[in-house]
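Enquirer: what would the 3D arrangement of this be:
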Amino acid sequence: MAGGTPFSQVGFNAREEFVSSDVMKMQNLIDRDLQNARGGDVGALDSTTINPANAVDLTAGSGTPLSGLDYVPTFTVASGFTATIGAGSGYVYYTPGVTADYSPYQVVRWGQQVVSFSGPSGNPRIDVVCAVAGTQVTATASRNILVDPVARTVSAQTVNKVIEPAAGGSNTLQIVTGTAAVSPVVPSIPAGSIPLFYVWVPSTAVSSANFSVCRASYRRAPYPFSAMSGVVSGMGFKWDLTADPASTTAAMIANGFHHVVIDGEVIEFYGNLDSAAGGVIQDSGNNPFGSAAAATWNKPYYIYAVGGRHNPLPSFNTADHILSPVTIVESTVAPNLATGRPSATLTVPTGSVQAGAVYVGLGFVYRNTTNRAPCIMANGMTYFGAGGSGNNVLSLSKVGTGAESVGTPLNKPALSSRMFVVADVTGSAAGSLAFFPDDGGGAAPPSFSHASHGFVAIDVVNAAQTLTTGEIPCRPGDGGQVWVNGGHASDAVAVVFTGYEHGVRMFNGQVNP
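Expert: You can find the predicted model right below:
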């Protein structure tokens, strides 16, 4: 490395005596620096500011080092309540007892092992298979040791020649047995350990073949995604379109393969997250279904995937018995689109969570009910339909031919930058109309002073009623009104809102789903 030394060094000069303690010092420092460098691969910058608002937020955070795996193990059911855990290795960040000459990234490594679980309880529970860092002596030798340099006394002693990460015994793989409950949660794992698998143990299990398993630790995303949150693929929600939301809440599911980044952790899993069978819950502190939507307008809410190291929240699907490492949480807390995290804390069974959640979609509560509205998610938009005559509608009887405000849509999502609308006009005579958003200050933008300059344009021929669909942009922070220009006095104008852009951050450059 030009201009400096890449690792710590022990200094000598030609007149100094070179003793064994110097050799040990050099070895310790080299091992420490190599482990720190390797540990940095799994513990890159992790800003301690969950939702940074300014430059100071980013410079003030010291970062949170991560434990991580570099060789991931397998899980295979065996006889009885046992399972075979494949070989693996990683780094556990654990500082107690670490001196200046040693790395806080302790190496953990194990060979294939068979582990035993406790039998089932009266309710299901979640156990955790974890690896705890430890060391063992794997080679010793007898050496003549100079014990008195003055008298030149030599004594034969057994010395440790090789000390390696522990590969067996109680200080490597452990099972932490969870507490049985109707809705069990992940138990706390020992300090200095890294979780490998979450294991769902049903109350009716007769062997480990009845267990449901998912991974518990994932790779750190590379720069520049190491401190980001977002969706890589999957997380395309589907709703039951056959349900009548006026009387029945629509089921919502996200099944298949999913890749999400939650605060830098790339979580890859197969899951069937279902509001009816398991995997979808509500933020108990900000429940979108806690109060009814407005009488004539659907109420938007926000959908998050919660999991990862900050708040492990695996979910179990009772229909297909799949354990997923994340749970979908529905909340009225709006996301911070710059970070992909919620703008405030969510309340889930394991406590409050913010850094451990990523925004993945937009949903709606159906007008005048507390039912989940059926939606269609496609091409970056979530469509909820018109909701019946007179619903999600702004109406205007034009005074003249100039730009006039149709009104401000009720319950527009704060994050949305596009509204999908159906413009309906009954013209008093043939003519053209254009629809457009605010200029940002609650007024009609001068550049759209002509009827041909709208985002949604309607040509009324022979005073006939006309319907046209299209998208109107709506920047966050704008006045929010929708304007119409052109036409004639007494033209009956109606703008029906049928969907909004959901604004999900997609790392793969595509739109969801």
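Enquirer: could you break this structure into its assigned domains?
Expert: Annotated domains of the chain cover 20-48+58-201, 229-374, 393-501 [automatic domain parsing].
Enquirer: need the ones you listed in a markdown table (columns: mean pLDDT).
Expert: Listed next are these as a markdown table, based on pLDDT from 0 to 100:
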| stretch | mean pLDDT |
| --- | --- |
| domain 20-48+58-201 | 82 |
| domain 229-374 | 94 |
| domain 393-501 | 86 |
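Enquirer: hey, which of these is tucked in deepest?
Expert: Most buried of the domains of the chain by mean neighbour count (mean count of other CB atoms under 10 Å) is domain 229-374; its value is a mean of 21. Backbone N, C-alpha and C define where each C-beta goes, glycine included.
Enquirer: residues touching residue 175, list them.
Expert: 115-117, 127-130 (CB atoms under 8 Å, 6 or more residues apart in numbering).
Enquirer: pull the helix or strand harbouring it out as PDB, backbone CA atoms only.
Expert: According to DSSP states H and E, residue 175 maps onto strand 173-176. C-alpha atoms of strand 173-176 as PDB (Å, rounded to 0.1, in the frame of the first residue of the first chain):
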ATOM      1  CA  LEU A 173     -24.200 -24.600  17.800                       C
ATOM      2  CA  GLN A 174     -27.000 -24.100  20.300                       C
ATOM      3  CA  ILE A 175     -30.800 -24.300  20.200                       C
ATOM      4  CA  VAL A 176     -32.700 -21.600  22.100                       C
END
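Enquirer: in its sheet, what does it sit against?
Expert: Applying DSSP bridges to the sheet, strand 173-176 is found paired with strand 125-132 (antiparallel).
Enquirer: and the contacts of the strand it pairs with?
Expert: With CB under 8 Å, 6+ apart, strand 125-132 has contacts from 75, 83, 85, 88, 90, 92, 108, 110, 115, 117-118, 171-181, 184-187, 189-190, 192-201, 216, 314.
Enquirer: strands - which of these land there?
Expert: Among the contacts of strand 125-132, the ones falling in strands (DSSP state E) are 75, 83, 85, 88, 90, 92, 108, 110, 115, 173-176, 193-201.
Enquirer: residue 486 and residue 433 touch, don't they?
Expert: Yes: using CB atoms under 8 Å, residue 486 is in contact with residue 433, at 4.3 Å.
Enquirer: list the contacts for residue 428?
Expert: When contacts are counted by CB under 8 Å, 6+ apart, residue 428 touches 463, 488-491.
Enquirer: what do you get for residue 88?
Expert: By CB under 8 Å, 6+ apart, the residues touching residue 88 are 69, 71-73, 109-110, 131, 196.
Enquirer: hmm, back to that, quick one: closest of the domains of the chain to residue 209.
Expert: domain 20-48+58-201 (5.1 Å; CB to CB).
Enquirer: and that closest one, how far from the chain's centre?
Expert: Counting by CA atoms, centre = their mean, to the nearest Å, domain 20-48+58-201 is centred 27 Å from the centre of its parent chain.
Enquirer: quick one: end-to-end distance for stretch 88-97.
Expert: 25 Å (CA to CA, to the nearest Å).
Enquirer: who wins for proximity to residue 380 among the domains of the chain?
Expert: Nearest to residue 380 among those is domain 393-501 (5.5 Å), distances taken as CB to CB.
Enquirer: measure the closest one end to end?
Expert: By CA to CA, one end of domain 393-501 lies 18 Å from the other end.
Enquirer: repeat for stretch 179-197
Expert: The separation between the terminal residues of stretch 179-197, taken as CA to CA, is 16 Å.
Enquirer: what of stretch 117-129?
Expert: Counting by CA to CA, you get 10 Å between the two ends of stretch 117-129.
Enquirer: show me where this structure has its helices.
Expert: Per DSSP state H, the chain carries helices over the ranges 20-42, 55-60.
Enquirer: make a markdown table out of those helices and add distance to residue 391.
Expert: Below are these laid out as a markdown table (distance: least, CB to CB, whole Å):
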| stretch | distance to residue 391 |
| --- | --- |
| helix 20-42 | 51 |
| helix 55-60 | 42 |
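Enquirer: out of those, nearest to residue 441?
Expert: Of all the helices of the chain, helix 55-60 sits nearest to residue 441, with 27.7 Å by CB to CB.
Enquirer: now the closest one, how far from the centre of its chain.
Expert: Its chain's C-alpha centre and that of helix 55-60 lie 23 Å apart, by CA atoms, centre = their mean.
Enquirer: what about residue 226, neighbour count?
Expert: Under the neighbour criterion other CB atoms under 10 Å, residue 226 is assigned a count of 19.
Enquirer: surely it is in contact with residue 219?
Expert: No: the criterion here is CB under 8 Å, and residue 226 misses it with residue 219 at 10.5 Å.
Enquirer: mind listing what residue 465 touches?
Expert: Here residue 465 is in contact with 424-427 (CB under 8 Å, 6+ apart).
Enquirer: meant to ask about residue 215
Expert: By CB under 8 Å, 6+ apart, the contact set of residue 215 is 72, 196-198, 269, 325.
Enquirer: again, only using 10 Å
Expert: Residues in contact with residue 215 (CB atoms under 10 Å, 6 or more residues apart in numbering) are 69, 72-73, 75, 195-198, 267-269, 314, 323, 325.
Enquirer: for it, name its beta-bridge partners.
Expert: When bridges are called by DSSP bridges, residue 215 pairs up with residue 197.
Enquirer: and the gap between it and residue 393?
Expert: 48 Å (CB to CB, to the nearest Å).
Enquirer: tell me the spacing between the nearest residue to residue 493 once chain neighbours are set aside and residue 481.
Expert: Spatial nearest neighbour of residue 493, chain neighbours left out: residue 396 (4.4 Å); criterion: CB to CB, 6 or more residues apart in numbering. Distance of residue 396 to residue 481, computed by CB to CB: 11 Å.
Enquirer: find residues that contact each of these two.
Expert: Common neighbours of residue 396 and residue 481, counting by CB under 10 Å, 6+ apart, are 405-407.
Enquirer: residue 99: which of these is nearest?
Expert: Distances from residue 99 to those, taken by CB to CB, are shortest for residue 407, at 68.7 Å.
Enquirer: report the beta-bridge partners for the closest residue to that closest one other than its chain neighbours.
Expert: In space, not counting the residues next to it along the chain, residue 407 is nearest to residue 394; the distance is 4.1 Å by CB to CB, 6+ apart. In this structure, residue 394 bridges to residue 495 when assessed by DSSP bridges.
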